[in-house]
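J.: pasting the sequence and the predicted model now:
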Amino acid sequence: MNLRLSVTAILLCGASALGAQQAWTVKPEWVQAHEDFLASDVMAGRGSATRDEQITATYVASEFESYGLKMAPGMSSYIQPAEVNSVQLDGHATLSIGGVTLNEGVDFDLLTSTGASVDVPLTRVDATGLKTAHIERGATVLVTGLADPNATFAAFSQVRRAGAAVVLIAQTPGLSNLYGMMGGKTRTPIHLAEENESPRGASLVLLRADAAARLPADGTVSLTVHEIPQTAVRQTFNAIGYLPGTDPNAGTILLSAHLDHLGIGRPVNGDSIYNGANDDAAGTTAVLELAHALAAGPPLKRSVLFVCYGSEELGDLGSTYFGMHPPVPLKDLVANLEFEMIGNQDPKMPPGVLLLTGWDRSNLGPALKEHGALLGPDPYPEQHFFERSDNYALALQGVVAHTAAGWGTPPTYHQPSDDLAHLDVAFMTRAIQSLIEPVRWLASSDFRPAWNAGGQPHRGN
């Protein structure tokens, strides 16, 4: 054999072997290990703005540090705390009309509350006529004929925007788990301490079927709630890691998820811990393993921020605070890829493929797919998932920001059954693996994602 050819062949084989050694493989046991901690009963559901959320943020921060990530510019810790103000109720609200008094927990569940008692007239509307119904500002509106949670939330949103003070929903079989989907506790106003208090909005009441039947046809509704004074300072916590790039002018990629869930709530089949293994320990795991892979590889041209937000479940508080106090200027963010509920395959998506919300709004999704990412268009545009995750706050500020998700609304959504037993770890592992090289390409190239014509969202559209 020609000696020169022989040496060349050896060098090529060696280079090939070296490339194979450098290829990063996400191990399913790493994915499982994160989930085993984050979604364990010991973490009590990682309730938003609780000590359990703080422990979760500390775990994520310690993982970032162990991978070799740095603290973000201007930060002296891997954790970004934010003070929040909230309203707490005693759980003994009453609702009265025409001599009939109903009690919380017996006759109705108070799903959301403004934290204020009201006395307002009653208006009855069937769901089929909701679009054409005249709703007076400040009224109590009883909506009947709703069959499923998605229709209920859409109706509540419509009636609330019309100015109703209280929305009553008559329970149907399809709404039997609605209170559990809200976390088994009343959602009350909560906002960042440095923000002005958010508008009060409307209260949402789910009436038991027999209680709804006892209500008079009309009259003035009195909803009475009792607020518990709060003395302790309450905080939420973001975990942030930073991988500096070689070119300070090339911009920064943001990879994110939320680390909180619903905590302890009303028992369902004897289980009161809302573990959130899919929502969103799965997304948090994706951010961790992408950080693990990218930090172990060659230097990247662009910097990468890895952020796991607190208090998404209370209204995107962590991501809002991050947007108010970004460690790098928002104008320097090249793109944001949020990970939400990647723990199961969506039956409407091709096998192994994650959905990307707002696919047609920008060129980010198609570009990542072209480089091997298992991503595809969101098959649920009517659900407006693009506007319902932490990506949206940054998208409103001009950042090309989307959410990658598994099953849009799995049967375990906001249920205690969102636990380790209902995860597809193999699916998660393949999905995360498919994103490593596309994200590495994005962080190493000159390609800058852009909104398509009319794709950038603005407040009010």
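T.: Nice, I can see it.
J.: Ala404 versus the most centrally placed residue in the chain, what's the distance?
T.: For the chain, Ser389 is the residue whose C-alpha lies nearest the centre (Cα atoms, centre = their mean; 4.7 Å). The gap separating Ser389 from Ala404 is 10 Å, by Cβ to Cβ, to the nearest Å. Placement of C-beta: from N, CA and C, glycine included.
J.: for those two, list the residues in contact with both.
T.: Common neighbours of Ser389 and Ala404 (criterion: Cβ atoms under 8 Å, 6 or more residues apart in numbering): 338, 340, 357.
J.: show the subsequent helix or strand relative to the host helix or strand of the first one.
T.: Assigned by DSSP states H and E, Glu338 belongs to strand 333-340. The first helix or strand that comes after strand 333-340 along the chain, using DSSP H and E, is strand 354-356.
J.: now that next one, how far from the centre of its chain.
T.: Relative to the centre of its chain, strand 354-356 is centred 14 Å away, using Cα atoms, centre = their mean, to the nearest Å.
J.: outline the domain layout of the chain.
T.: The chain breaks down by automatic domain parsing into domains covering 24-86+232-444, 88-228.
J.: separation between Ala367 and Pro449?
T.: Distance, Ala367 to Pro449, by Cβ to Cβ: 7 Å.
J.: tell me which of the shared contacts of Ser389 and Ala404 is nearest to Val100?
T.: Among the shared contacts of Ser389 and Ala404, Glu340 lies closest to Val100 (Cβ to Cβ), at 42.1 Å.
J.: that closest one is in contact with Ser389, isn't it?
T.: Yes: counting by Cβ atoms under 8 Å, Ser389 is a contact partner of Glu340 at 5.1 Å.
J.: pull up the overlap in contacts between the two.
T.: Shared contacts of Glu340 and Ser389 (Cβ under 8 Å, 6+ apart): 403, 405.
J.: okay, buried residues for stretch 32-51 please.
T.: Neighbour counts using 16 or more other Cβ atoms under 10 Å place 34-35, 38-40, 43-50 of stretch 32-51 among the buried residues.
J.: and it, how far apart are its ends?
T.: Using Cα to Cα, to the nearest Å, the end-to-end distance of stretch 32-51 comes to 23 Å.
J.: try stretch 68-87
T.: Stretch 68-87 has its terminal residues 40 Å apart, counting by Cα to Cα.
J.: what's across from Leu356 in the sheet?
T.: Assessed by DSSP bridges, Leu356 has beta-bridge partners Pro377, Ala404.
J.: report the contact partners of it.
T.: With the criterion set at Cβ under 8 Å, 6+ apart, Leu356 makes contact with 364-365, 375-378, 402-405.
J.: between those, which is closest to Ser176?
T.: Ser176 lies nearest to Ala405 out of the contacts of Leu356, by Cβ to Cβ, at 25.6 Å.
J.: okay if I get the shared contacts of Ser389 and Ala404 as CSV plus pLDDT?
T.: Shown next, in CSV, are those (pLDDT from 0 to 100):
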residue, pLDDT
Glu338, 98
Glu340, 97
Thr357, 97
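J.: would you list the residues you listed in CSV and tack on neighbour count and distance to Val159?
T.: Output for these, formatted as CSV (neighbours: other Cβ atoms under 10 Å; distance: Cβ to Cβ, whole Å):
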residue, neighbour count, distance to Val159
Glu338, 30, 29
Glu340, 27, 27
Thr357, 28, 26
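J.: list the contacts of Phe386.
T.: 357-358, 361, 378, 392, 395, 402-403, 457.
J.: from the residues you listed, which is closest to Arg187?
T.: Within these, proximity to Arg187 (Cβ to Cβ) peaks at Tyr392, which comes in at 18.7 Å.
J.: what segments of this protein are helices?
T.: Using DSSP state H, the helices found in the chain span residues 3-22, 28-38, 51-67, 149-161, 178-181, 209-214, 281-296, 317-324, 364-370, 391-395, 425-444.
J.: which of those sits most buried?
T.: Ranked by mean neighbour count, the helices of the chain are led by helix 281-296 with a mean of 26 (mean count of other Cβ atoms under 10 Å).
J.: which helices and strands sit right next to that one?
T.: helix 28-38, helix 51-67, strand 234-243, strand 252-258, strand 303-309, strand 333-340, helix 425-444 (3 or more Cβ pairs under 8 Å, 6 or more residues apart in numbering; DSSP states H and E).
J.: and these as JSON lines, adding distance to Ser176?
T.: Output for these, formatted as JSON lines (distance: least, Cβ to Cβ, whole Å):
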{"stretch": "helix 28-38", "distance to Ser176": "28"}
{"stretch": "helix 51-67", "distance to Ser176": "28"}
{"stretch": "strand 234-243", "distance to Ser176": "31"}
{"stretch": "strand 252-258", "distance to Ser176": "27"}
{"stretch": "strand 303-309", "distance to Ser176": "31"}
{"stretch": "strand 333-340", "distance to Ser176": "26"}
{"stretch": "helix 425-444", "distance to Ser176": "29"}
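J.: tell me which of the ones you listed lies nearest to Leu215.
T.: Within the helices and strands packed on helix 281-296, the stretch nearest Leu215 is strand 234-243; the backing value is 36.3 Å (Cβ to Cβ).
J.: what mean pLDDT does the closest one get?
T.: Mean pLDDT, strand 234-243: 97.
J.: ok, and for that strand, which residues are buried?
T.: By neighbour count with 16+ other Cβ under 10 Å, strand 234-243 contains the buried residues 234-243.
J.: ok, stretch 72-88 next?
T.: Here stretch 72-88 shows 72, 78-80, 82, 84, 86-87 as buried, counting by 16+ other Cβ under 10 Å.
J.: any idea how far Val287 is from Glu387?
T.: Computed as Cβ to Cβ, the Val287 to Glu387 distance reads 21 Å.
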